[in-house]
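S.K.: Build me a model:
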Amino acid sequence: MSKTILEKRNIGNLVGFPVLRLLFSALLLFSAFQFPSSNLQAAPIAYSGKIAVNGENFDGPGRFRFALVDHNGSTLWSNDLDGGSVTVQVNRGHYSILLGDDTTPHMAAIPSNLFLDHPVVFLRVHFSQGNEKPFDHLQPDQRILSAAHALTADVAKVADVADAVKPRAITREMLSLGLLADLNRSVVITRDMLPGDVLADLNRSIVITRDMLPGDVLDGSNDYMEILDANVSAANIFAVAKMNQNSEGGAAILTKQGKLCIRRQNQTEALQFQSPETNGDDFSHPDGLHLVDGQATSSFPYDQLHVIAVGKGSSGSFLGDYSMLTVGKDTYGSGRHWKGEIAEILIYNRALSTAEIDRIQHYLGQKWGVTISSE
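M.R.: From the prediction side, this is the model:
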């Protein structure tokens, strides 16, 4: 059978909210009529409460005296027959202790037959803030009943229970500068703060293979893409592409109405730039840049990726802003489609230096698994 007391106590400027829980077995109480009381032992009583002084929660070591008394106020048990007190640490008003736990200094065991011999028992508590301050009696004494219940004392005239903090009642302006600084401080996580398994996961090597990277596969008959609003003014272009065998001559990677062209020249070459024309329609002029895998050559194997770099020459005047680009199809005539893969295209609107071109080629080569040869 459970015995529970919820108290609200007020003495002078002291306010106490102890919660007392007595746990006894119903079988044990009923069996007391059949067995000698000397065979029964009173277990320690788990007691917890809250102390406020002048409306503020008490914090620090507090001194307590506990006693169980009858209806006449006669003491049936006290924590120390010599009047000693028990020191209990109070955290923001909250405290807990085991009454009758004789392992606690100045705490005597509760007689085993006390509750059987005395059907009416009250708990009496005295409290002192320490530092030689007097003890105050937290009134009234609270009766311990056999059934769980709650008792509430009258409100004290000198001090009242602090109201519970309502949601959103505390504003930023109510917080101290020190608390605000602590709440807003930056938390720096260093390597030493991380466990070994996290460090191992962060430092593990990640291998990116070509199969993990995206690429558009074109069938060579009608697959292509159009960028309708590119507004491109190109000076250097890089492309990563693979041509399959049996591709038609003039198949294009990137064109704009036959200009700005990277395409296969004819069916006898695996990959070749369009020959320069006098009207300057082609992107690569005689003195322009045209590299495949870092080499100034036009013929490379089928069925493997190549890194292509082209740049505007000095002749011709076609270079300008284009609002639409076609990827995978030559827009000249009936259109000749690229058969294979187009993985990546980079367009720069300014002429790059030799060092910049070299770095970009090697970056694309490492990314897509293409060996770049430097001349």
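S.K.: Looking at the protein, which helix is longest?
M.R.: Determined from DSSP state H, the single longest helix within the chain is helix 354-368.
S.K.: His94 contacts Lys50, correct?
M.R.: Yes: under the criterion of Cβ atoms under 8 Å, His94 makes contact with Lys50 at 5.5 Å. Glycine gets a C-beta too; all of them are placed from N, C-alpha and C.
S.K.: Find residues that contact each of those two.
M.R.: Asn57 (Cβ atoms under 8 Å, 6 or more residues apart in numbering).
S.K.: These two: which has the busier surroundings?
M.R.: Lys50 (21 against 15; other Cβ atoms under 10 Å).
S.K.: in what helix or strand does the more buried one lie?
M.R.: Take DSSP states H and E as the rule and Lys50 turns out to sit in strand 45-53.
S.K.: Run me through the strand neighbours of that strand, direction for each.
M.R.: strand 14-16 (antiparallel), strand 19-23 (antiparallel), strand 56-57 (antiparallel), strand 94-99 (antiparallel) (DSSP bridges).
S.K.: Val88 is in contact with Leu98, isn't it?
M.R.: No: at 10.6 Å, Val88 does not count as touching Leu98 under the criterion of Cβ under 8 Å.
S.K.: So for those two, which residue has more residues nearby?
M.R.: Neighbour count, other Cβ under 10 Å: between Val88 and Leu98, Val88 has more, with 17 against 14.
S.K.: Name the SS class of that one, please.
M.R.: Judged by DSSP: H, G, I helix; E, B strand; the rest coil, the three-state class of Val88 is strand.
S.K.: And the closest residue to it other than its chain neighbours, how close does it get to His137?
M.R.: Spatial nearest neighbour of Val88, chain neighbours left out: Tyr95 (4.9 Å); criterion: Cβ to Cβ, 6 or more residues apart in numbering. Tyr95 sits 17 Å away from His137, going by Cβ to Cβ, to the nearest Å.
S.K.: which one of these two has more residues nearby?
M.R.: Set side by side, Tyr95 and His137 show more neighbours around Tyr95, with 21 against 15, by other Cβ under 10 Å.
S.K.: contacting residues for that one?
M.R.: Ser48, Gly49, Lys50, Ile51, Gly62, Val88, Gln89.
S.K.: Could you rerun that using 7 Å?
M.R.: Tyr95 is in contact with Ser48, Gly49, Ile51, Gly62, Val88, Gln89, counting by Cβ atoms under 7 Å, 6 or more residues apart in numbering.
S.K.: Can you tell me which of those residues are buried?
M.R.: Neighbour counting by 16 or more other Cβ atoms under 10 Å classes Gly49, Ile51, Gly62, Val88 among these as buried.
S.K.: looking at the strands paired with strand 45-53, which has the lowest confidence?
M.R.: Among the strands paired with strand 45-53, strand 19-23 has the lowest mean pLDDT, at a mean of 36.
S.K.: Can you read off the pLDDT for Ser374?
M.R.: 71.
S.K.: Could I get the contacting residues of it?
M.R.: Counting by Cβ under 7 Å, 6+ apart, Ser374 touches Gly294, Asp358.
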